[in-house]
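# Output the structure for:
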Amino acid sequence: MLKFRGCQHFRQRLVCSTLSGRAIRIDDIRAADPESPGLRDFEASFLRLLEKLTNGCVVEINETGTSLRYRPGVVVCGSGLVHDCGTSRSIGYFLEPLLVLGLFGKKPLSIILRGITNDETDPGVDTFRTVTQPLLRKALGLEDGLELRVVSRGAAPHGGGEVVLKVPMVKQLGPIKMEDEGMVKRIRGVAYSMKVSPQVTNRMVDGARGVLNALLADVYVFTDASSGASSGKSPGYGITLVAETTSGCLISAESCHVARRNEEATDEAQDGGNQQQQVPEDIGCMAAHLLLEEVRRGGVVDGGHQGLLLLLCALGPEEANSVRLGPLTPHAVRTLRHLRDFFGVTFSLRTERNSGTIFATCVGANVRNMSRRVT
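The predicted structure is shown next:
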């Protein structure tokens, strides 16, 4: 049994435990917090989601919630699943683990997730739809079966969004070799709004284009102004930008109106979401600068997808898997440590002086889908 301390990287530890079949114990979960120690409600929700996806997993939590023991079961998945993600964290908190676990299920995964679709903490559903899905298709060679459909959007604090996720099962992952980052050739994006004036989306587009058009001519941002039943329960707006390179790599960045999850912020948001410190033009300008920063860092993926790509490399066959990344984020560094602990996979890191990018190479653990029926 592997032992960990603290609440950081909670999802990744559970996902790696499930895929490797190794039991884990996590102690001192917010033990130093005198007001609310132990697991948060979104972490308990993720544990309930794991119980829906797997068969035979055992979860033991002490009375204070500061210690957790998890014995993984068999990944089953299946269709007709529904999960309420709550309003503490957005749907993006649950999507990345589902994308990985769904590949190793006994049946193809089809699940409805309800909650907040876009917030400032977790990646929005637009990022998963425009960047994460194409990354999985390119890295794993998936042709069809992977789909994320947004039924309705939902902003903080009350949510009300709904998405449908479908993930196909695979027998095993193929080798990954992504070293050519290319040059940016065009920028696309989505500006969305919920329960506010449709003009807000156009103002965000103007703010983003004011920065990007000085550097690139091929910039097009779609607008999605939701209203009625498809706009959730709270007002909100934001923008997601994606830079596509000549080698087919996708670099993303996003920014959204920040609505705090309390009654005071809810009352302030009822006026249409146009707070002075977060006008739509500033949101678009901020997203454009974040995108340029990600492009400057280099690599075949942005900082938010480094951990996912490293995990896919470690799960691959016993062949050389190599990727090119920008400066490693703290999440990516912790991912490297978890891959060593759970799968015995270590990466060889080599820095290119001219660009400052890092070439990460490993031999995969050859994790196979033992649940898939042999035909």
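
# And for N55, the neighbour number?
The tally of other residues near N55 (other Cβ atoms under 10 Å) stands at 13. Heads up, the C-betas are built off the backbone N, CA and C, glycines and all.

# For it, which residues are in contact?
73-74, 76 (Cβ atoms under 8 Å, 6 or more residues apart in numbering).

# now Y220
By Cβ under 8 Å, 6+ apart, Y220 lies in contact with 186-189.

# List just the nearest of the residues you listed to G236.
G189 (16.8 Å; Cβ to Cβ).

# Just confirm that closest one is within a strand.
Yes: judged by DSSP: H, G, I helix; E, B strand; the rest coil, G189 forms part of a strand.

# Which residue ranges of the stretch 101-250 of the chain form strands?
Counting by DSSP state E, counting those that start in this stretch, the stretch 101-250 of the chain has strands at residues 109-115, 147-152, 161-167, 177-178, 184-194, 219-226, 236-245, 250-256.

# Buried subset of the contacts of N55 as a PyMOL selection?
In PyMOL, a selection of the buried entries from those looks like this (16 or more other Cβ atoms under 10 Å):
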select buried, resi 73+74
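
# Output the contacts of N55 as TSV; include the columns distance to D126, pLDDT and secondary structure.
TSV is the format used below for those (distance: Cβ to Cβ, whole Å; pLDDT from 0 to 100; DSSP: H, G, I helix; E, B strand; the rest coil):
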residue	distance to D126	pLDDT	secondary structure
G73	33	91	coil
V74	33	92	strand
V76	29	92	coil
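
# Among the contacts of N55, which one sits closest to R368?
For these, the nearest to R368 is V74 (13.2 Å; Cβ to Cβ).

# Heading C-terminal from the least confident helix or strand in the chain by mean pLDDT, find the next helix or strand.
Using mean pLDDT, DSSP states H and E, the weakest-scoring helix or strand in the chain turns out to be helix 263-269, at a mean of 43. Counting by DSSP states H and E, the next helix or strand C-terminal to helix 263-269 is helix 280-297.

# Go through that following helix and flag the buried ones.
280, 282-288, 290-292, 294-295, 297.

# Give me the contacts around it.
By Cβ under 8 Å, 6+ apart, helix 280-297 touches 184, 187, 189, 191, 200-201, 203-212, 215, 237-241, 243, 251-257, 274, 302-303, 326-327.

# relative to strand 219-226, how tilted is it?
Calculated by axes from the mean of the first three to the mean of the last three Cα atoms, to 10 degrees, helix 280-297 forms an angle of 130 degrees with strand 219-226.

# For the residue lying closest to G248 once chain neighbours are set aside, give its distance to V219.
Leaving aside its chain neighbours, G248 sits nearest to K138 (6.6 Å; criterion: Cβ to Cβ, 6 or more residues apart in numbering). Per Cβ to Cβ, to the nearest Å, K138 is found 23 Å from V219.

# if you count what's nearby, which of these two comes out ahead?
V219 (19 against 15).

# Does the more buried one touch G210 like I think?
No: contact criterion Cβ atoms under 8 Å: V219 and G210 do not qualify, at 10.4 Å.

# OK, contacts around L101?
15, 18-19, 53, 75, 77, 109 are the contacts of L101 under Cβ under 8 Å, 6+ apart.

# coming back round to it: of the contacts of Y220, just the buried ones, PyMOL syntax please.
Buried residues within the contacts of Y220, by 16+ other Cβ under 10 Å, are selected in PyMOL with:
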select buried, resi 187+188+189
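
# Just the closest of the contacts of Y220 to N118, please.
Using Cβ to Cβ, those come closest to N118 at G189, 13.3 Å.

# so how far is F347 from the closest one?
32 Å.

# next one: L39
31 Å.

# Check L336 too.
The value you get for L336 to F347, if Cβ to Cβ is used, is 6 Å.

# Now the common contact residues for the two.
L310.

# Any stretches of the stretch 151-300 of the chain with poor pLDDT?
259-277 (pLDDT under 70).

# how about 90 then?
156-159, 171-172, 174, 226-233, 257-278 (pLDDT under 90).

# Give me the pLDDT value at the residue nearest to G248.
In this prediction, K138 carries a pLDDT score of 89.

# hang on, isn't it packed against E244?
No: counting by Cβ under 8 Å, K138 does not reach E244; the two are 11.9 Å apart.

# Show the pLDDT at the most centrally placed residue in the chain.
With distances taken as Cα atoms, centre = their mean, E96 lies nearest the centre of the chain, 4.6 Å away. Per-residue confidence at E96 stands at 91 (pLDDT).

# give me the number of residues near the nearest residue to T64 once chain neighbours are set aside?
Computed as Cβ to Cβ, 6+ apart, the closest residue to T64 that is not its neighbour in sequence is G38, at 5.3 Å. Other residues near G38 number 19, with proximity taken as other Cβ under 10 Å.

# wait, doesn't G38 sit right on T66?
Yes: contact criterion Cβ under 8 Å: G38 and T66 qualify, at 4.8 Å.

# if we can go back for a sec, can you tell me which of the contacts of Y220 comes closest to I24?
Closest to I24, out of all of the contacts of Y220 and judged by Cβ to Cβ, is G189, at 39.0 Å.

# what sits against the closest one?
Contact partners of G189, counting by Cβ under 8 Å, 6+ apart, are 208, 220-222, 239-242, 287.

# List only those of the residues you listed flagged as buried.
Using 16+ other Cβ under 10 Å, the buried ones in these are 208, 221, 239-242, 287.

# now, among the residues you listed, which is nearest to A44?
T240 (29.0 Å).

# which residues does the closest one contact?
124, 126-127, 130, 189-190, 192, 252-254, 287.

# Now with 7 Å, please.
124, 126-127, 130, 189-190, 252, 254 (Cβ atoms under 7 Å, 6 or more residues apart in numbering).

# Could you list the domains of the chain?
1-75, 184-297, 305-363 (automatic domain parsing).

# first vs last residue of the shortest one, how far apart are they?
Spelled out, it's domain 305-363. 20 Å (Cα to Cα, to the nearest Å).
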